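Prediction below, plus the sequence it came from.
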2 protein chains.
Amino acid sequence: MLKTKPAYTVAVVGATGAVGAEMIEVLEERAFPVERLVPLASSRSAGGTVGFRGTDVPVLELTKESFAGVDIALFSAGSDVSREYAPVAVKAGALVIDNSAAWRMEPTVPLVVPEVNPADAARHQGIIANPNCSTIQMVVALKPLHDAAKITRIVVTTFQSVSGTGKDAMDELLAECKALLSFKEPEPKVYPYQIAFNCLPQIDDFLPTGYTKEEMKMVHETRKIMGDQAIRVTATTVRVPVYVGHSESVNIETERKLTANDARALLASAPGIQVYDDPAHRLYPMPLDVAGKDDVYVGRIREDESTAHGLNLWVVADNLRKGAALNAVQIAELLIR
Amino acid sequence: MLKTKPAYTVAVVGATGAVGAEMIEVLEERAFPVERLVPLASSRSAGGTVGFRGTDVPVLELTKESFAGVDIALFSAGSDVSREYAPVAVKAGALVIDNSAAWRMEPTVPLVVPEVNPADAARHQGIIANPNCSTIQMVVALKPLHDAAKITRIVVTTFQSVSGTGKDAMDELLAECKALLSFKEPEPKVYPYQIAFNCLPQIDDFLPTGYTKEEMKMVHETRKIMGDQAIRVTATTVRVPVYVGHSESVNIETERKLTANDARALLASAPGIQVYDDPAHRLYPMPLDVAGKDDVYVGRIREDESTAHGLNLWVVADNLRKGAALNAVQIAELLIR
């Protein structure tokens, strides 16, 4: 367990990536009690510096010796790195908060969204997993409705931004737009197909069922975080040419009836949620507006007459912040309280 | 009724718009028996010419006298123009095929998708309505599944391209991208908000229920075209920064069980459909690929375990062609046979 200290040595593994950079920013913004920041990266990315509280902190190469004296290690360098180095960090005495998919479904690893299942964090055995970005924003929005009316089924379709893939993907979208505006042929490398002015109905690899891993993360992680294996979920996840901010069209069925007004009231008083839902004034959440914001934005709340107790919602959040870096830092905050 | 002739005088109302231009192209491509083409537009757009079979045909101003001698009038100039001029054209002896929403839900006006309900066309009283673009591609994909297993409920989320709004919207997306790449502030005029690198969860105006008119078109038009008022439909329609091609994430529940393989086989043998569904080879439909194509493309066919008999589908089509111009010309073809 994490000892209570006035300040902590915090390592960020993957410090030069899109999420790693955001983690460092969030630690600073929220005045997390950092005594020493240890930015770690692969040998390819180490050697530079990252800014933190007005100083340039050198980015060190990740090795098995990196975690000596580290209290908290925030990982965001992909599943392979997490699988290899998280146990090393734990052995060295660090608490690991892992943003990859590597440990999420391990029964002994808590999967935590602080607004939803904060108590689970205490049950950790050295590693706490940060859920998938698409799942986090959905469960934040659905938890108050589940508590009030018991959700039985979720049909979700996502509109996911390229920053979810990483910095290279953001560069690729920009390069493709520039090429197209100069009448040149874009050359996709990160994605299998052009993402500019297109929609790619594939995120992560395909499974034999025809679903992608991303789609099944939304099924399994939702149940684990909500602590309810009875919730039925089906997902279609799609990449869209947006830089930052994931949007989700969420259809739910509930055991007890909720009106749109009931849902609006429940969401408006829940933590971490902003209700942006005033059609008369064209108020609804959009990825462009929520980029850089901490909360999960919910709008387009409508009763669904096609089923006994149904609701449609439009849920938007910054996938790098609440979908990744912010949620990880919030988990750390739970443990230092 | 339309008299059988070797060739017809065909008027295109809204000839300079995105859909009107596509109508003229489709008439030429499909060698529709046109004796004389009469391109019509508002006084603002009249005066120029449109190309047809290698000649420049002058665009005339639309007036109440425009329809003398016209056999078939294809309308695509918005609901107000259709409401005013379609009865004038009918009175002058023309058969009207109207792409606007003005007449679609009139009980005496057939709403026709040739692959789905061709027989309805014969019941016209002068006007036949062309359905909404999002509805057309969905019903083409769902009809073979409905015939085989009876669809009871549809949950659909759309990813609609800017060409569905018109030429101005396509120009706006381009102008916004150019501005952003030059570090200038985009100035949205056609849409209420920036569409470049964004998603707008609003298409058409809002109704008091919180649904948009576009969403309710998908509910009511689907039932009318399928000839089945029992099908329950709920829709969320979203504008995405794509030039041409609408994509749809469609979840259906059926009375009888259909496996994904059943669905693939039914769709592969149905008219007007291409099944692009081979995850192992990353084969799935994308708007960029279907732009300019006639068929409706279906992929990502998956069994939905969250309900007794469920399926997920990803349906993509060129909204200007099958979603508008092509479907209108196909209706005309039904009537000259």
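Received, thanks.

what packs against the longest helix seen in chain A?
When chain A is parsed with DSSP state H, its longest helix is helix A:133-149. If you count contacts as 3 or more C-beta pairs under 8 Å, 6 or more residues apart in numbering or on different chains; DSSP states H and E, helix A:133-149 packs onto strand A:151-160, helix A:213-226, strand A:246-254, helix A:260-268, strand A:273-275, strand A:296-304, strand A:310-317. Heads up, the C-betas are built off the backbone N, CA and C, glycines and all.

which ones are touching residue A:294?
Neighbouring residues of residue A:294 by C-beta atoms under 8 Å, 6 or more residues apart in numbering or on different chains: A:272, A:318, A:321, A:322, A:326.

Let's see that with 6 Å instead.
Counting by C-beta atoms under 6 Å, 6 or more residues apart in numbering or on different chains, residue A:294 touches A:321, A:326.

what about it, distance to chain B?
As for residue A:294, its distance to chain B is 20 Å (criterion: C-beta to the nearest C-beta, to the nearest Å).

what helix or strand is that residue on?
Using DSSP states H and E, residue A:294 sits in no helix or strand.

What parts of the stretch 51-200 of chain A come near chain B?
Residues of the stretch 51-200 of chain A that fall close to chain B, judged by C-beta under 6 Å from any C-beta of the partner chain: A:153, A:155, A:157, A:159, A:177, A:192, A:194, A:197, A:198, A:199.

Buried ones among the residues you listed?
Listed as buried from those are A:153, A:155, A:157, A:159, A:177, A:194, A:197, A:198, A:199; burial here means 16 or more other C-beta atoms under 10 Å in any protein chain shown.

Greatest separation within those: which pair is it?
Farthest-apart pair in those is A:153 and A:177; separation 38.5 Å (C-beta to C-beta).

Residue A:306: which of the buried ones among the residues of the stretch 51-200 of chain A next to chain B is nearest?
residue A:155 (10.8 Å).

With adjacent residues omitted, what lies nearest to the closest one?
Among residues not flanking residue A:155 along the chain, residue A:251 sits closest, at 4.3 Å (C-beta to C-beta, 6 or more residues apart in numbering or on different chains).

Tell me how many other residues surround that neighbour.
25 (other C-beta atoms under 10 Å in any protein chain shown).

list the contacts for it?
Contacts of residue A:251 by C-beta under 6 Å, 6+ apart are A:155, A:312, B:155.

before we move on, the earlier item: got CSV for the helices and strands packed on helix A:133-149, with mean pLDDT and distance to residue B:85 too?
Below are these laid out as CSV (pLDDT from 0 to 100; distance: least, C-beta to C-beta, whole Å):
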stretch, mean pLDDT, distance to residue B:85
strand A:151-160, 98, 38
helix A:213-226, 98, 48
strand A:246-254, 98, 37
helix A:260-268, 98, 39
strand A:273-275, 98, 44
strand A:296-304, 98, 35
strand A:310-317, 98, 37
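
Okay, and the residue of chain A most remote from its centre sits in which element?
Farthest-out residue of chain A from its mean C-alpha position, per C-alpha atoms, centre = their mean: residue A:183, at 35.7 Å. Residue A:183 belongs to no helix or strand when assigned by DSSP H and E.

Look at it and report its pLDDT.
Residue A:183 carries a pLDDT value of 92.

where along chain A do the helices fall?
Listed in chain order, the helices found in chain A under DSSP H are A:18-29, A:79-91, A:133-149, A:167-181, A:213-226, A:260-268, A:287-290, A:326-336.

and among those helices, the most buried is which?
helix A:133-149 (a mean of 24; mean count of other C-beta atoms under 10 Å in any protein chain shown).

Now do it and helix A:213-226, the angle between them.
40 degrees (axes from the mean of the first three to the mean of the last three C-alpha atoms, to 10 degrees).

for the record, mean pLDDT for helix A:133-149?
98.
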